[in-house]
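Asks: quick check, what structure comes out for this input:
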Amino acid sequence: MSSFKVFDIAGSGLSAQSVRLNTVASNLANADSVGGDPNKVYKARHPVFEALRATANPKDGDAAVRVKGIMENQAPPNSRYEPGNPLADGQGYVYSPNVNVVEEMVDMISASRAYQNNVEVLNTSKELLLATLKLGQ
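Replies: Down below sits the predicted model:
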């Protein structure tokens with residue numbers, strides 16, 4: 001494996017964690033939204049990652065992290081009885097997303113730290129390559 005492959009691997013990790021941070025931000029932004037139809041209310045979204053492994057033959061593919069897709073949480077929305085709300089259904093219920101704000105904040109911190117770790121991998125690799133180039137001087 002080439003020394004430069006580490007940049008591709010860390011870059012794919014940065015991209016994956018960026019998607020994760022964006023989905024967390026979307027979930028948090030919609031956490032307090034309500035609707036009168038439980039089927040149309042916002043559903044929490046979470047990315048699904050896939051690890052691609054390098055094979056013995058470099059032409060077969062490289063090691064990387066890929067976002068396989070973004071899945072919606074299938075848990076039912078939360079319902080509250082608010083007959084005075086203009087969005088309430090016929091029985092007086094409004095429905096809020098199935099977003100757990102505490103879990104989303106933990107996920108955001110985890111994604112942020114993973115992003116920072118990938119940046120550190122890039123910086124360390126760059127410093128090592130530069131140090132290797134200076135050996136001949």
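Asks: show me what the longest helix belonging to the chain is packed up against.
Replies: In the chain, with assignment by DSSP state H, the single longest helix is helix 101-134. Judged by 3 or more CB pairs under 8 Å, 6 or more residues apart in numbering; DSSP states H and E, helix 101-134 is in contact with helix 5-29. In short, each C-beta sits where N, CA and C put it, glycine included.
Asks: name the helices or strands packed onto the helix it packs on?
Replies: Against helix 5-29 (3+ CB pairs under 8 Å, 6+ apart) you get strand 45-52, strand 64-72, helix 101-134.
Asks: distance to Asn30 and mean neighbour count added to the ones you listed, as JSON lines?
Replies: Output for those, formatted as JSON lines (distance: least, CB to CB, whole Å; neighbours: other CB atoms under 10 Å):
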{"stretch": "strand 45-52", "distance to Asn30": "9", "mean neighbour count": "14"}
{"stretch": "strand 64-72", "distance to Asn30": "12", "mean neighbour count": "14"}
{"stretch": "helix 101-134", "distance to Asn30": "10", "mean neighbour count": "13"}
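Asks: of all those, which lies closest to Asn85?
Replies: Ranking the helices and strands packed on helix 5-29 by proximity to Asn85 (CB to CB) places helix 101-134 first, at 20.6 Å.
Asks: and Ile109, how far from Pro86?
Replies: The gap separating Ile109 from Pro86 is 36 Å, by CB to CB, to the nearest Å.
Asks: cool, and Ser12?
Replies: Taken as CB to CB, the span from Ser12 to Pro86 is 46 Å.
Asks: cool, Lys134 as well?
Replies: Lys134 is 69 Å from Pro86, by CB to CB.
Asks: now Glu120
Replies: Distance, Glu120 to Pro86, by CB to CB: 50 Å.
Asks: now do Leu14
Replies: 43 Å.
Asks: what sits closest to the most centrally placed residue in the chain if chain neighbours are left out?
Replies: Per CA atoms, centre = their mean, the C-alpha nearest to the average position across the chain is that of Arg20, at 1.0 Å. Among residues not flanking Arg20 along the chain, Ala111 sits closest, at 4.2 Å (CB to CB, 6 or more residues apart in numbering).
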